[in-house]
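Here is my input; please provide its structure:
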Amino acid sequence: MPDTASSPARQAAPGSAGTPRRVLLKLSGEAFCKPGGFGIDPDELELIAREVADAARSGVQVAVVVGGGNIVRGAQLAAAGHIEQATADYMGMLGTVINGLALKEKLLTLGVDSRVLSALEVRSVAEPFIRGRALRHLEKGRVVVLVAGTGNPFFTTDTCAALRARELECGALLKATKVDGVYTADPRTDPTATRYERLTFAEAIERRLGVMDLTALAMCQQHGIPVVVFDFKRPGNIRRVVAGEPIGTRVERP
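Okay, here's the model as predicted:
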């Protein structure tokens with residue numbers, strides 16, 4: 001597939017001239033629960049939904065890829081030898097469906113129209129992911145919640161986020177975390193750790209900084225999709241980052 005990163009169809013990215021028209025937000029499953037917990041915490045769900053709604057009301061088209069680690073951690077089950085990895089990965093995909101439905105329902109109660117599109121066929125609760133359908137929902141101002149990863153085992157939700165960002169012609173991939181960017185070391189255990197404001201993809205890959213998995217980073221690098229890593233727990237941060245404010249760490253081409 002040719003690289004069309006500079007084509008008119010692609011949207012401006014946060015930090016570049018102009019406000020992006022469309023972004024892809026990646027939320028981990030752990031965002032739905034208290035630190036160290038499992039399941040869906042009502043207060044955490046409220047926080048996430050209000051932040052997404054705030055960004056959507058700013059006029060930016062928002063697609064969200066959700067993880068499922070708060071429901072089931074398939075990689076851990078597979079590593080322990082209890083379940084074959086492919087099956088464990090499918091279990092993880094079903095966990096993302098649960099999170100996506102919760103986010104969609106909360107957005108609706110906040111007055112923000114939303115749709116869940118799934119890479120696995122679960123027609124009674126979600127629409128199938130079809131690129132054209134997702135684009136139409138976005139153009140109509142709906143938040144599109146993307147669940148079940150890519151629909152294939154052995155691929156992370158980070159890779160799904162990079163893939164969907166390219167498919168949906170998003171101006172940037174926003175990775176919401178519980179820290180305010182990418183650091184030289186773990187700031188929770190190393191007081192000397194310092195935060196990067198900007199990195200190239202090559203630097204992030206070479207230094208193995210854990211921004212995203214390597215497949216996802218390589219895909220974003222190939223297609224020129226900048227990645228912004230930021231703390232979503234601070235109220236208003238999602239809206240600020242889509243508005244181009246210098247928040248968190250920006251990973252991009254030189």
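
Can you read off the pLDDT for the spatially most central residue of the chain?
Central residue of the chain (CA atoms, centre = their mean): Lys26, 0.8 Å from the mean position. Looking at Lys26, its pLDDT stands at 97.

Nearest residue to it in space, please, no chain neighbours.
Ala161 (4.1 Å; CB to CB, 6 or more residues apart in numbering). Where you see a C-beta, it was placed from the backbone N, CA and C, and this is true even at glycine.

Model confidence score at that neighbour, please.
Note for Ala161: predicted pLDDT of 97.

Surely it touches Val64?
No. Contact criterion CB atoms under 8 Å: Ala161 and Val64 do not qualify, at 9.3 Å.

which residues are in contact with both of the two?
Shared contacts of Ala161 and Val64 (CB atoms under 8 Å, 6 or more residues apart in numbering): Leu24, Lys26.

Between the two, which is the more surrounded one?
Ala161 (32 against 29; other CB atoms under 10 Å).

and that one, that one's in a helix?
Yes. Checked against DSSP: H, G, I helix; E, B strand; the rest coil, Ala161 lies within a helix.

Any figure for the gap between it and Arg131?
15 Å (CB to CB, to the nearest Å).

Kindly report the same for Thr194.
Using CB to CB, one gets 40 Å for the distance from Thr194 to Arg131.

same thing with Asp186?
37 Å.

One more: Ala88?
In terms of CB to CB, Ala88 sits 28 Å off from Arg131.

who's more crowded, the two?
Applying other CB under 10 Å to Ala88 and Arg131 shows that Ala88 carries more neighbours, namely 21 against 12.

what sits against the more buried one?
Applying CB under 8 Å, 6+ apart to Ala88 gives the contacts Val72, Gly74, Ala75, Leu77, Ala78.

In contact with the last one: list those residues for me.
Right, Ala78. Glu84, Gln85, Ala88, Asp89.

Just the buried residues of these.
Ala88, Asp89 (16 or more other CB atoms under 10 Å).

would you turn the contacts of Ala78 into a markdown table with secondary structure and pLDDT?
Listed next are the contacts of Ala78 as a markdown table, based on DSSP: H, G, I helix; E, B strand; the rest coil; pLDDT from 0 to 100:
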| residue | secondary structure | pLDDT |
| --- | --- | --- |
| Glu84 | coil | 92 |
| Gln85 | helix | 92 |
| Ala88 | helix | 92 |
| Asp89 | helix | 93 |
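
Can I get the lowest-mean-pLDDT helix or strand in the chain in PDB, CA atoms only?
Scoring the helices and strands of the chain by mean pLDDT, DSSP states H and E places helix 74-79 at the bottom, with a mean of 80. The C-alpha trace of helix 74-79 is given here as PDB (Å, rounded to 0.1, in the frame of the first residue of the first chain):
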ATOM      1  CA  GLY A  74      -5.300 -13.700  28.000                       C
ATOM      2  CA  ALA A  75      -1.500 -13.400  27.700                       C
ATOM      3  CA  GLN A  76      -1.100 -14.300  31.400                       C
ATOM      4  CA  LEU A  77      -3.400 -17.300  31.000                       C
ATOM      5  CA  ALA A  78      -1.500 -18.500  27.900                       C
ATOM      6  CA  ALA A  79       1.900 -17.900  29.600                       C
END
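
Can you give me the neighbour number for Arg234?
By other CB under 10 Å, neighbour count at Arg234 equals 12.

dump the residue contacts of it.
Contacts of Arg234 (CB under 8 Å, 6+ apart): Asp180.

so it, which of the three states?
Three-state assignment for Arg234 (three-state DSSP): coil.

what does the model give it for pLDDT?
86.

Let me see the backbone angles for it.
Per-residue torsions, Arg234: phi -80, psi 120 (degrees, to the nearest 10).

repeat for Lys26
phi -100, psi 120.

mind checking how far it is from Arg136?
22 Å.
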